[in-house]
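# here is a sequence together with a model predicted from it:
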Amino acid sequence: MLVIGIAGGSGSGKTTVAQAIVSKLGDENVALISQDSYYKNFTHLPFEERKDINYDHPDSVDNQLLLNHLDQLRRGQAIEVPIYDFSQHARTCKTTHVPVKPVVVIEGILILSDRALREQMDIKVFVDTDPDVRILRRVMRDINERGRSLESVYDQYLTTVKPMHEAFVEPSKRYSDLIIPEGGHNEIAIDLLTSLLERYMSAGAKNPLQ
């Protein structure tokens, strides 16, 4: 099993790159996991307290559960990925069944900031996109998909998203094997990455970068 980590700032295009890999290689070959699904379970806290948690800090993510799930997949066992409700800032009681596949893609802003996670990755990718583009994408996503108000998105960006990006996300770029400028719009970089993965699947190489 080959594990690919795709990091980058919020709104950088990580999900677009990950979905492009799935599209080119086929969903029968790729399991896509979002680190957003692994926010810690704060359902014991009132909503007003949950919404004020700094979800852009590494401490908000249950990386141990993600590591356990990667270990299960390597041992040939399917996993149940949590489903997170962003409008309620809490996990739901439902999960997503993820079977074992030749390639696992993990995408998230903080996946390269955690050493234990990095050590589980065969290829580490950082999606590098202009900050103005990222914030505009985040505004649209959080309002349209996550039920947030413009004011709440604005406040969150200034108080947590921007400072946490500078403290944890941007510095993690140095751990990447590949940097993809402009995210999903960079078709050449995506084609290069998927060609490497196709070589892995066809030849059974341990790591296509070697």
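Good, I have the coordinates. Numbers count the residues shown, from 1 in each chain.
# need the strands for the chain, in chain order.
Ranges of strands in the chain, per DSSP state E, are 2-8, 30-34, 79-85, 90-98, 103-107, 123-128, 178-181.
# mean confidence for the first one?
Averaging pLDDT along strand 2-8 yields 94.
# quick one: list the elements packing against that strand.
helix 14-25, strand 103-107, strand 123-128, helix 187-203 (3 or more Cβ pairs under 8 Å, 6 or more residues apart in numbering; DSSP states H and E). C-beta coordinates here come from the backbone N, C-alpha and C atoms, glycine included.
# likewise the last one?
When contacts are defined as 3+ Cβ pairs under 8 Å, 6+ apart, strand 178-181 sits against strand 123-128, helix 187-203.
# columns distance to R146 on top of those, output as JSON lines?
Shown next, in JSON lines, are the helices and strands packed on strand 178-181 (distance: least, Cβ to Cβ, whole Å):
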{"stretch": "strand 123-128", "distance to R146": "20"}
{"stretch": "helix 187-203", "distance to R146": "26"}
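# which residues does D56 contact?
Contacts for D56 were tallied using Cβ atoms under 8 Å, 6 or more residues apart in numbering; they are 10, 109-110, 160-161, 164-165, 168.
# quick one: which of those residues is nearest to E48?
Each of these was checked against E48 using Cβ to Cβ; the closest is T160, at 16.3 Å.
# hmm, that closest one is touching N54, no?
Yes - with contact defined as Cβ atoms under 8 Å, T160 reaches N54; the gap is 4.8 Å.
# between those two, who's got more neighbours?
Applying other Cβ atoms under 10 Å to T160 and N54 shows that T160 carries more neighbours, namely 17 against 14.
# could I get the contacting residues of the more buried one?
By Cβ under 8 Å, 6+ apart, T160 lies in contact with 54-57.
# what do you get for Y55?
Going by Cβ under 8 Å, 6+ apart, Y55 touches 39, 89, 160.
# pass me the low-pLDDT residue ranges in the chain, would you?
Within the chain, the segments meeting pLDDT under 70 span 131-132, 134, 184, 203-210.
# redo that, cut-off 80
For the chain, applying pLDDT under 80 flags the ranges 10-11, 87, 129-159, 161, 182-185, 200-210.
# related to what we said a few turns ago, columns mean neighbour count on top of the strands of the chain, output as CSV?
As requested, these are exported to CSV (neighbours: other Cβ atoms under 10 Å):
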stretch, mean neighbour count
strand 2-8, 26
strand 30-34, 21
strand 79-85, 16
strand 90-98, 13
strand 103-107, 24
strand 123-128, 24
strand 178-181, 17
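# isn't Y38 up against V61?
Yes - here Y38 lies in contact with V61, judged by Cβ under 8 Å, at a distance of 5.5 Å.
# list residues touching both of the two?
G108.
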